[in-house]
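[1] below are the sequence and a predicted model for it; my questions follow.
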Amino acid sequence: MRLVDLLEPREGDDATPAVFVEDEETTRAALRRGAEALAAALRTVGVRPGHPVAVMLPGGAEVVAAMFGVWTAEAVYVPLNPRTSDAEIAYLVEAVRPAAIVTTTDWAGRVTGGDLPIVVHAGTDSGQLDWAEAVPGRRTPVDVPAHDADIALVQFTSGTTGRPKPVLLRHSGYLALLEPVLAKLVGDAAKDRLAQRKAPMPNLIPTSMALSAGIYNVLFAFRVGAPAVIMPTFTTAAFTRAVTKHQIRSTVLPPAAMNMLTDDPSITSLAPLRYVRGITAPLSPLRARLFKDKFGVTVLNCYGQTEIGGEIVGWNAADARAFGESKLGSIGRPHAGVTPRIVGPDGLEVEPGGQGELYVRTPAVSAGYADGRALGDRLTPDGWFRTGDIARVDEDGFLWIEGRVSDMINRGGLKVFPGEVEEVIRLSPAVADCAVVGIPDDRLGEVPWAFVVIHPGAAFDRAALTAAARERLLPYKVPARVVQLGELPRTEVGKVRAGDLIQLATELTRADPSSPRTGPNSSRTDPS
């Protein structure tokens with residue numbers, strides 16, 4: 001079975017809406033016709049099985065049709081985010097060397113790729129998703145690489161600490177991960193409903209369709225036979241309207257979106273929403289509590305990575321009822337077929353309840369990177385995948401993510417977890433957002449800096465924030481400097497771009513190298 005099979009005709013509901021985008025509806029049959037039309041256009045310009053095809057389209061029905069159309073042509077789907085800069089797009093295109101590019105007429109100039117053929121979405125007419133060659137006569141170069149038949153897509157990593165890496169993901173891997181998630185989330189009752197072809201609740205997807213989370217949740221919707229509700233752009237008002245219109249009782253949200261909803265005074269209710277599954281990164285226990293207290297909606301974190309191919313740890317309804325309050329902030333328990341292991345710096349498994357790097361065995365580790373690199377030291381000789389996340393497993397088998405190995409700050413040999421410091425700083429009612437990163441230091445190697453965003457109308461009091469940190473943290477965990485920003489640099493899914501903050505700190509230090517810092521043995525504050 002391949003992912004394109006999820007679009008096969010379904011007796012009784014082929015003419016019902018499969019994708020909602022605001023007030024527009026597209027049926028399953030129309031999507032399939034659009035996918036077949038794109039596949040024909042790709043074959044015409046020279047795309048062959050295994051060739052990568054780059055797709056940059058808005059978040060509408062056309063991008064879903066394009067994804068299935070690439071697979072109908074037996075090619076490899078490569079999503080490009082239209083919000084990315086032209087320079088970054090050029091880098092991504094060079095990294096994957098696509099056989100063709102699928103985009104809009106307006107964006108064709110952004111992804112020229114030399115003389116690559118460009119197929120554009122020519123609009124929707126009478127329910128048809130139409131495609132055309134932007135420059136007639138261009139054909140796929142003969143030296144385009146071809147991947148093996150099981151490669152479904154090339155998904156780029158988030159690039160929070162460096163350039164995004166193109167990860168090869170398999171049809172078999174995605175399908176292997178969808179099944180245990182389906183079993184855990186919906187159980188036997190939903191399987192019976194699938195067998196009886198009863199329509200399940202629409203699957204609201206409030207993330208970009210260029211991102212792994214968007215693709216995964218569209219595939220999940222098609223697997224269970226649910227309509228996909230796609231949001232081209234996330235706003236709190238648009239999300240609330242979609243929840244009400246489609247009577248959404250559970251959905252997914254990245255932490256940044258949940259924080260936006262919590263902090264928006266105009267949004268007072270998300271009824272009938274009952275559960276939100278946190279994606280892309282765990283929502284902290286503090287922010288999860290604020291979200292639940294405001295809306296009465298339980299936050300169930302889940303966990304996966306691009307290199308793994310999808311979700312491998314999460315919650316089910318029974319766990320939510322039994323542990324939703326006491327384990328708020330946990331990422332849940334491993335899905336079927338997933339085995340976790342917590343490993344210390346010495347390479348040995350830690351004692352039960354101890355912290356260490358999370359290693360996992362899963363049904364679907366990726367095939368490496370599209371630029372030829374293998375997973376390298378992320379895959380151990382005996383088959384364990386190193387996630388790079390610091391975690392612990394509690395007595396009930398729930399996993400808790402404490403931070404990233406790469407984010408952990410080594411202050412003169414003492415370890416500082418940024419998340420712990422951020423939680424303390426966020427306790428201040430003046431702080432709207434916060435990120436703590438390690439900044440190079442000549443004497444200590446690294447020191448933590450805190451970057452904060454202040455609520456409109458609130459005062460930035462650096463001394464008060466530092467004093468509050470000293471009250472709740474060990475001295476070496478207190479930020480050496482607190483910097484106010486208008487907003488934190490974030491990726492599309494809300495992850496903080498640590499590299500940007502490190503660069504900013506370097507510039508601030510260069511501009512004022514004598515500026516005093518707040519350290520464990522100092523009562524001075526940074527006056528900048």
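    The structure has been received and is ready for your questions.
[2] pLDDT weak spots in the stretch 201-350 of the chain?
    Of all residues in the stretch 201-350 of the chain, none has pLDDT under 70.
[3] domain-wise, how is the chain divided?
    Domain assignment of the chain by automatic domain parsing yields the ranges 3-149, 232-404, 409-511.
[4] okay if I get those as JSON lines plus mean neighbour count and distance to P166?
    Bear in mind the C-beta positions are built from the backbone N, C-alpha and C, glycine included. Listed next are the domains of the chain as JSON lines, based on neighbours: other CB atoms under 10 Å; distance: least, CB to CB, whole Å:
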{"stretch": "domain 3-149", "mean neighbour count": "19", "distance to P166": "5"}
{"stretch": "domain 232-404", "mean neighbour count": "18", "distance to P166": "4"}
{"stretch": "domain 409-511", "mean neighbour count": "18", "distance to P166": "16"}
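[5] for P164, which of those is the nearest?
    For these, the distance to P164 is smallest for domain 3-149, at 6.9 Å, taking CB to CB.
[6] how far does the closest one stretch from start to finish?
    Domain 3-149 has an end-to-end distance of 12 Å (CA to CA, to the nearest Å).
[7] quick check: closest non-adjacent residue to M1.
    Spatially, and ignoring its direct neighbours in sequence, M1 is nearest to L175 (6.1 Å; CB to CB, 6 or more residues apart in numbering).
[8] SS state for the one you found?
    Classification of L175 using DSSP: H, G, I helix; E, B strand; the rest coil returns helix.
[9] wait, it touches D150, no?
    No - in this structure, L175 is not within contact of D150 by CB atoms under 8 Å, at 10.3 Å.
[10] which ones are touching the residue lying closest to I205 once chain neighbours are set aside?
    Nearest residue to I205, sequence neighbours excluded (CB to CB, 6+ apart): N217, at 4.7 Å. Neighbouring residues of N217 by CB atoms under 8 Å, 6 or more residues apart in numbering: N203, I205, T207, A228, V252.
[11] okay, these in CSV with distance to L444 next?
    Below are the contacts of N217 laid out as CSV (distance: CB to CB, whole Å):
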residue, distance to L444
N203, 48
I205, 44
T207, 38
A228, 50
V252, 40
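[12] in strands only, show me those.
    Counting by DSSP state E, the part of the contacts of N217 found in strands is N203, I205, A228, V252.
[13] coming back round to it: worst mean pLDDT among the domains of the chain?
    Among the domains of the chain, domain 232-404 carries the lowest mean pLDDT, a mean of 88.
[14] now do the end-to-end distance for that domain.
    30 Å.
[15] mind checking how far that domain is from the chain centre?
    Its chain's average C-alpha position is 10 Å from that of domain 232-404, according to CA atoms, centre = their mean, to the nearest Å.
[16] is T233 in contact with G59, as I believe?
    Yes - using CB under 8 Å, T233 is in contact with G59, at 7.4 Å.
[17] what's A73 in contact with, if anything?
    Residues near A73 by CB under 8 Å, 6+ apart: L38, A39, L42, R43, V47, P49, V53.
[18] for the strand or helix carrying W71, which outside residues touch it?
    Assigned by DSSP states H and E, W71 belongs to helix 61-72. Applying CB under 8 Å, 6+ apart, the contact partners of helix 61-72 are 2-4, 6-7, 18-19, 21, 24, 26, 30-32, 34-39, 42, 53, 55, 57, 76-77, 79, 102, 121, 124, 129, 152, 209, 215, 218, 228, 230.
[19] S284 against G419, yeah?
    Yes - checked against CB under 8 Å, the pair S284 and G419 is within contact range at 6.7 Å.
[20] between the two, what contacts are shared?
    Between them, S284 and G419 share no contacting residue, judged by CB under 8 Å, 6+ apart.
[21] just to revisit the earlier point, just the contacts of helix 61-72: which are in strands?
    18-19, 21, 24, 26, 53, 55, 76-77, 79, 102, 121, 124, 129, 152, 228, 230.
[22] now the two most distant members of the contacts of A73.
    L38 and P49 (15.2 Å).
[23] nearest residue to V416 in space, please, no chain neighbours.
    Excluding the flanking residues, the one nearest V416 by CB to CB, 6+ apart is I409, at 4.0 Å.
[24] residues in contact with the one you found?
    Listed by CB under 8 Å, 6+ apart, the contact set of I409 reads K415, V416, F417, P418, V436, V437, G438, E446, V447, P448.
[25] go on, I439?
    Contacts of I439 by CB under 8 Å, 6+ apart are E446, V447, P448, W449, A480, R481, I502, A505, T506, T509.
[26] do the same with T157
    By CB under 8 Å, 6+ apart, the contact set of T157 is P164, K165, V167, T306, E307.
[27] against A75, how distant is it?
    Distance of T157 to A75, given as CB to CB, to the nearest Å: 22 Å.
[28] ok, now F291?
    Taking CB to CB, one finds F291 at 40 Å from A75.
[29] next: R361.
    Distance of R361 to A75, computed by CB to CB: 30 Å.
[30] quick one: which of L175 and D150 has more around it?
    L175 (21 against 14; other CB atoms under 10 Å).
[31] and the pLDDT at that one?
    In this model, L175 is scored at 87, pLDDT.
[32] who touches P285 in this structure?
    So P285 contacts L328, G329, E423 (CB under 8 Å, 6+ apart).
[33] and the first one, which of the three is it?
    Using three-state DSSP, the secondary structure recorded for L328 is coil.
[34] just to confirm, which helix or strand has the nearest residue to it once chain neighbours are set aside in it?
    Using CB to CB, 6+ apart and skipping the chain neighbours, the partner closest in space to L328 is A288 (5.1 Å). Following DSSP H and E, one finds A288 within helix 285-295.
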